[in-house]
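In: coords below, sequence missing:
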């Protein structure tokens, strides 16, 4: 990697400690910098700090504010970062809402690690290592 190039930064928001650790490990295996949040409020802080964000992976159901609502707020403020929204409760209404966000995709739990990695690779700039 060129010394002027930075690693892509992925923000992962998940309130379940074990799932957050698994997601972080998987995504970091692609050569990314990973920042984590355990709630909607922490996700908002990460999205509004001075660090660039190349991709957001967020659970829907979290304390304070849902991952979907944070994503909607980000879109409404002009943030065009790609978003992967993860849920154990996919339904047609949520799918339609996520589709309307633009540059967002819904990933239903349970999922295979390869599914997540493929979605992340496809949304990050530049080539990504295989895991």
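Out: That came through, no problem. Only a predicted model underlies this, so the values are computations on that prediction, with no experimental measurement involved.
In: so which helix or strand takes in the spatially most central residue of the chain?
Out: The residue lying closest to the centre of the chain (CA atoms, centre = their mean) is residue 57, at 1.3 Å. Residue 57 is part of strand 55-59 when elements are defined by DSSP states H and E.
In: I'd like the next helix or strand past the lowest-mean-pLDDT helix or strand in the chain.
Out: When each helix and strand of the chain is scored by mean pLDDT, DSSP states H and E, helix 67-76 comes last, with a mean of 87. With elements assigned by DSSP H and E, the helix or strand that comes after helix 67-76 is strand 83-87.
In: report the mean per-residue pLDDT for that following strand.
Out: On average, the pLDDT along strand 83-87 is 95.
In: which other helices and strands contact the helix or strand just after that strand?
Out: Later in the chain than strand 83-87, the nearest helix or strand by DSSP H and E is helix 92-101. If you count contacts as 3 or more CB pairs under 8 Å, 6 or more residues apart in numbering; DSSP states H and E, helix 92-101 packs onto helix 67-76, strand 83-87, strand 104-108. From N, CA and C alone the C-beta is placed, and that goes for glycine too.
In: distance between the first one and the chain's centre?
Out: For helix 67-76, the distance from its own C-alpha centre to the chain's C-alpha centre is 12 Å (CA atoms, centre = their mean, to the nearest Å).
In: what comes up buried for that helix?
Out: By 16 or more other CB atoms under 10 Å, the buried positions in helix 67-76 come out as 67-68, 70-75.
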